[in-house]
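1. Structural data only, the sequence is not supplied:
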DNA sequence: CCTTGACCTTCCCGTCACTGGAAGCCCCGT
DNA sequence: ACGGGGCTTCCAGTGACGGGAAGGTCAAGG
């Protein structure tokens, strides 16, 4: 398979696949003409990476999880720990965003939103 | 005031303040020796920017809001629109993160997290 | 008067995970 | 033989800074 094939089959852009090779997440073969040559296992890995990234795992987490994925002697506890930590980061981020949403929501509601210049949003944010 | 003073009084790092000058958000004076010289209005603007950034507004939004803040003839509707759009982006992001949280949470719960290699997390994410 | 140390300046590189684009090779169909 | 699409590498840019180097400036202490 050429890169275009794995790109369409994995849903990842070709650019991203080249980048993943560059940083060592995958090691596709090369044909005589210099083209990358992907096997089914490569495709499988790329799909795996795509799902990890869609869940917001960092590239470093992906590297760790990929190593665990390929390690037949892994302990599931190691996988769980990475996922758990990521879950905690996600939950913290949700909390932050909810605080922002609450503040913004109040500000938006407090503003008439008409043609007059008086604006409680600016008033509040500029320090009263 | 030198940059160190406004940094500690605004809570923004000096690096950030220089950056804000570089991109035109503020225009502090200079003294004869080349040092930036900030007035109270500059400090006020920086505090304003700090609050906007803490709410997650982009620099471009900050630029717009700063212009509206300085425009005595603004319409509050323009301010409200910027805030409203940002609120919508925040809400969309919260939704995304909550979907991720739900998925991750299920995965984490499904994994025994012991010394054995069997891992529903990897199984699920690698495509069953 | 000299030095020390804290402050200031600019400049350049690094972050993270790509994305866009240029220049050039390769392969297939007509 | 040629045109068009796909492939290659390399370089630059993204957003919003942060780290650190090299060097100028200022106030206080010896």
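-> Ah, there it is. Small disclaimer: the values here were computed from a predicted structure and weren't measured.

2. mind giving me the domain split of chain A?
-> For chain A, the structural domains run A:1-56, A:75-128, going by automatic domain parsing.

3. how far does the first one sit from the chain's center?
-> The chain centroid and the centroid of domain A:1-56 are separated by 16 Å, computed with C-alpha atoms, centre = their mean, to the nearest Å.

4. Likewise for stretch A:85-93?
-> Counting by C-alpha atoms, centre = their mean, stretch A:85-93 is centred 13 Å from the centre of its parent chain.

5. which residues touch it?
-> Stretch A:85-93 is contacted by residues A:55-57, A:61, B:97, B:100-101, B:104-105, B:108 when judged by C-beta atoms under 8 Å, 6 or more residues apart in numbering or on different chains. For every residue, glycine as well, the C-beta is placed using N, CA and C.

6. Indicate whether that stretch makes contact with DNA strand C.
-> No: shown here: stretch A:85-93 not in contact with DNA strand C (C-beta under 7 Å from any atom of the strand), separated by at least 11.0 Å.

7. Mind listing what's buried along that stretch?
-> Of the residues in stretch A:85-93, A:86-87, A:90, A:93 count as buried by neighbour count, 16 or more other C-beta atoms under 10 Å in any protein chain shown.

8. And stretch A:93-101, by the same measure?
-> Residues A:93-94, A:97, A:100-101 are the ones in stretch A:93-101 that count as buried (16+ other C-beta under 10 Å).

9. Tell me the one of those nearest DNA strand D?
-> Set against DNA strand D, the nearest of the buried residues of stretch A:93-101 by C-beta to the nearest atom of the strand is residue A:100 (14.1 Å).

10. Please, which helix or strand holds the closest one?
-> According to DSSP states H and E, residue A:100 maps onto helix A:76-110.

11. which other helices and strands contact the following helix or strand past that helix?
-> For helix A:76-110, the following helix or strand on the C-terminal side (DSSP H and E) is helix A:120-125. Helices and strands touching helix A:120-125, by 3 or more C-beta pairs under 8 Å, 6 or more residues apart in numbering or on different chains; DSSP states H and E, are helix A:76-110, helix B:40-54, helix B:59-70, helix B:76-110.

12. tell me the contacts of the most far-flung residue of chain A relative to its centre?
-> Farthest-out residue of chain A from its mean C-alpha position, per C-alpha atoms, centre = their mean: residue A:116, at 42.5 Å. Residue A:116 sits next to B:75-76 when contact means C-beta under 8 Å, 6+ apart.

13. need the residues of chain A near DNA strand D, please.
-> A:2-5, A:7, A:14, A:18, A:34-36.

14. Now, those residues that are in strands?
-> Of the residues of chain A next to DNA strand D, the ones assigned to strands by DSSP state E are residue A:36.

15. Stretch A:25-40 near chain B anywhere?
-> No: figure legend: stretch A:25-40 not in contact with chain B (C-beta under 8 Å from any C-beta of the partner chain); closest approach 11.6 Å.

16. List the contacts of that stretch.
-> For stretch A:25-40, the external contacting residues (C-beta under 8 Å, 6+ apart) are A:1-3, A:5-6, A:17-18, A:20-21, A:42, A:45-46, A:49, A:59, A:62-63, A:66.

17. how about 10 Å then?
-> The contact list for stretch A:25-40 (C-beta atoms under 10 Å, 6 or more residues apart in numbering or on different chains) reads A:1-3, A:5-7, A:9-10, A:14, A:17-21, A:41-43, A:45-46, A:48-49, A:59, A:62-63, A:66.

18. Could you give the number of residues near residue A:117?
-> Neighbour count of residue A:117, defined by other C-beta atoms under 10 Å in any protein chain shown: 15.

19. can you pull the contacts of the closest residue to residue A:125 other than its chain neighbours?
-> Nearest non-adjacent residue to residue A:125, counting by C-beta to C-beta, 6 or more residues apart in numbering or on different chains: residue B:51, 4.9 Å away. Applying C-beta under 10 Å, 6+ apart, we find residue B:51 in contact with A:103, A:124-127, B:11, B:57, B:62.
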